[in-house]
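1. Compute the structure for the input listed below.
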Amino acid sequence: MLQGTQSIGTTAELVDFADISGAPQAVLIQNLDATNYIEVGGDSGLTVFKLKIPAGFAQIVTLSSATLYAKANTAAVNVMVIAIEI
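-> This is a model prediction of the structure:
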């Protein structure tokens, strides 16, 4: 299991899964910002799938690959990431 905080900017960037090899079984992403939402998706263009996580909310996702991108709306935000490898 990995738990950490990551700063997400206004251009799509990879969510860091650190030492987890392969696709995590489940990922919880919590938007720690009070104002700005984030978007997460399976590619840098956020076209494979796209989820919008409002400020203060969290989302659990399951992945088929080890790639997850995130992008903040107006200003950089901190997110908490918990990834579970089974």
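
2. now residue 36: how far from residue 64?
-> 28 Å (CB to CB, to the nearest Å). Every C-beta, even on glycine, is put in place using the N, C-alpha and C of the backbone.

3. Compare these two (neighbour count), which wins?
-> Just comparing residue 36 and residue 64: by other CB atoms under 10 Å the higher neighbour count belongs to residue 36, 16 against 8.

4. contacting residues around that one?
-> Contact analysis of residue 36 by CB atoms under 8 Å, 6 or more residues apart in numbering lists 55, 72, 73, 74, 75, 77.

5. Tell me how far stretch 2-17 lies from the chain's centre.
-> Centroid displacement of stretch 2-17 relative to its chain, using CA atoms, centre = their mean, to the nearest Å, is 6 Å.

6. Endpoint to endpoint, it covers what distance?
-> Counting by CA to CA, to the nearest Å, you get 7 Å between the two ends of stretch 2-17.

7. Just the buried positions in that stretch, please.
-> By neighbour count on 16 or more other CB atoms under 10 Å, the buried set for stretch 2-17 is 6, 8, 12, 15, 17.

8. Contacts made by that stretch with the rest, please.
-> Residues outside stretch 2-17 that contact it (CB under 8 Å, 6+ apart) are 18-20, 24, 27, 29, 32, 38, 40-41, 44-46, 66-83, 85.

9. circling back: same list (the buried residues of stretch 2-17) but as JSON lines, adding distance to residue 59, pLDDT and secondary structure.
-> As requested, the buried residues of stretch 2-17 are exported to JSON lines (distance: CB to CB, whole Å; pLDDT from 0 to 100; DSSP: H, G, I helix; E, B strand; the rest coil):
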{"residue": "6", "distance to residue 59": "15", "pLDDT": "94", "secondary structure": "strand"}
{"residue": "8", "distance to residue 59": "13", "pLDDT": "96", "secondary structure": "strand"}
{"residue": "12", "distance to residue 59": "16", "pLDDT": "95", "secondary structure": "coil"}
{"residue": "15", "distance to residue 59": "12", "pLDDT": "92", "secondary structure": "coil"}
{"residue": "17", "distance to residue 59": "16", "pLDDT": "84", "secondary structure": "coil"}
